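Here is the input, now give the coordinates:
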Amino acid sequence: MKEKTVYVCQNCGASFPKWAGRCPQCGEWNTLVEKVVEVRKTSPRTLITPTSEPVPITAVPSEDVTRIEIPMLELNRVLGGGIVPGSVILIAGEPGIGKSTLLLQLASMLARESSRPVLYVSGEESVRQIKMRAARLDVREENLYILAETSLEQILNHIERMEPFVVVVDSIQAIYSEYLESTPGSIVQVRECAYAFLKMAKSTGTPVFLVGHVTKAGDIAGPKVLEHAVDAVLYLEGDPFHAYRILRSVKNRFGATSEVGVFEMEEQGLREVPNPSEIFLAERVPNASGSAIAVTMEGSRPLLVEIQALTSPTSFAIPRRTANGIDLSRLLLLIAVLTKRVGLHLSDQDVFVNVVGGIKIKEPAVDLAVAVAIASGFRNVPVAADLAIVGEIGLVGELRGVRQMTQRLAEAARLGFKKCLVPSGSVKAGQRTFDGMEVVPVRSLEEALDIALVR
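Residues are numbered from 1 along each chain as shown. Below you'll find the predicted structure:
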């Protein structure tokens, strides 16, 4: 066995034989740290005694996993129906977005429902600080235990002694192992501590919630292997200036990804929003130019959101394009299509687009609503107040079909909309109504603007 020196990136975890000012893998500057590793020489002919034997997949018994149901229905939805015993769930989000509040509320609910203790481990706050938050959230369950500790070995000793129902660790970047020389939050510490909690969870069947920090780019801090190791990765999103929070699943081994739960931040903590579409449309001003209603899908849930657009003559040589809630590159594409295919002269106009409520939309099915809102604001002509809009726009101005049209139409009809613009390829031939709502199939963007804008 001999020692070898490598340089490990503290941002992405990649290792290199030589030092460099900029990481070749992730592009971050001054993140390579020298590390000495031991290299074990083994012969390719050396036989290792196997510890397990391969078995046919048909011989593996099928077992129904009994999930732990949570009284918080929105979190239940995101997790796919509840907590799977022995699973490790990573929750990430911006500082102050409400991660600790959400998990303290969750721990309180589980302690109330279970006869076994629930352990909340905090590596960043003292017991008194957690008690202050608990008093604000009206958390007073005797089965909920608080532990202010950063040593991995001490935490595992407490878990072994208490045998808790659920463990919450806030946060994984603050925990360190006494057997590693690196500082807390480093690549090595985060990876090894996460694997220690993973091993404990799988061997005892105890679910573990890990809180993860995010970088300035919005990614989870630490090695990428952290996201690969856990069973589910949830992001808590939201505009700090809005009360609404979106809990989004980006990975789930036991359920669907891209599911979302909607919460509202109040003085007593996070409150579930069972009908988010009604909340997002509550302050809408009918018959205002530059406003259109889009029907989008977040996982299996349809949402109706208001898209607002404003155009004004630019004061600069290059007009401004500002997108809040949608992808900026997608906005630039839609402006180009409106200019080329419809004839809207937007080259001398600043264009601002906003999704009301602070929600972020990534699917292209809102293209048509964004384009209609821009055209409405540019022409100063309002969109019909009872019109919902669905559709993806192609580069030649055609409308392309979108998925889950039945769920979208059902949500729009439930909220009282009388008409819905949809791509002709997304509905059956001849279909003109759905639950009393008129369905208007269109083939092109120009045709959709003729119908949507009230004369």
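
Just the helices from the stretch 51-200 of the chain, written as ranges.
73-79, 99-113, 127-136, 152-162, 187-204 (DSSP state H, counting those that start in this stretch).

who wins for proximity to A243 among those helices?
Judged by Cβ to Cβ, the one of these that comes nearest to A243 is helix 99-113, at 12.7 Å. C-betas here are computed from N, CA, C, even on glycine.

sorry, back to before: tabulate the helices of the stretch 51-200 of the chain (a markdown table), appending mean neighbour count, mean pLDDT and distance to L226.
Compiled in a markdown table, the helices of the stretch 51-200 of the chain are given as follows (neighbours: other Cβ atoms under 10 Å; pLDDT from 0 to 100; distance: least, Cβ to Cβ, whole Å):
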| stretch | mean neighbour count | mean pLDDT | distance to L226 |
| --- | --- | --- | --- |
| helix 73-79 | 22 | 92 | 19 |
| helix 99-113 | 22 | 94 | 16 |
| helix 127-136 | 14 | 94 | 24 |
| helix 152-162 | 15 | 96 | 15 |
| helix 187-204 | 19 | 92 | 5 |
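
Among these, which comes closest to F316?
helix 99-113 (39.8 Å).

so who does the nearest residue to E28 once chain neighbours are set aside touch?
Leaving aside its chain neighbours, E28 sits nearest to N11 (4.5 Å; criterion: Cβ to Cβ, 6 or more residues apart in numbering). Counting by Cβ atoms under 8 Å, 6 or more residues apart in numbering, N11 touches 23, 26, 28, 31, 215.

Quick check: which element contains N11?
Element membership for N11, per DSSP states H and E: none, as it lies in no helix or strand.

I'd like the distance between it and H228.
Relative to H228, N11 is positioned 16 Å away (Cβ to Cβ, to the nearest Å).

about what we covered before: out of the contacts of N11, which are inside helices?
Using DSSP state H, the subset of the contacts of N11 located in helices is empty.

Switch these over to JSON lines; also include distance to V55, neighbour count and pLDDT.
Putting the contacts of N11 into JSON lines (distance: Cβ to Cβ, whole Å; neighbours: other Cβ atoms under 10 Å; pLDDT from 0 to 100) gives the following:
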{"residue": "C23", "distance to V55": "42", "neighbour count": "21", "pLDDT": "87"}
{"residue": "C26", "distance to V55": "40", "neighbour count": "15", "pLDDT": "80"}
{"residue": "E28", "distance to V55": "44", "neighbour count": "15", "pLDDT": "81"}
{"residue": "T31", "distance to V55": "43", "neighbour count": "20", "pLDDT": "80"}
{"residue": "T215", "distance to V55": "42", "neighbour count": "11", "pLDDT": "78"}
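
tell me which of the residues you listed is nearest to S315?
Nearest to S315 out of the contacts of N11 is T215 (Cβ to Cβ; 35.1 Å).

Show the contacting residues for E149.
Residues in contact with E149 (Cβ under 8 Å, 6+ apart) are 121, 123, 155, 158.

For those, work out which two are farthest apart.
Most distant of these, by Cβ to Cβ, are G123 and H158, 13.1 Å apart.
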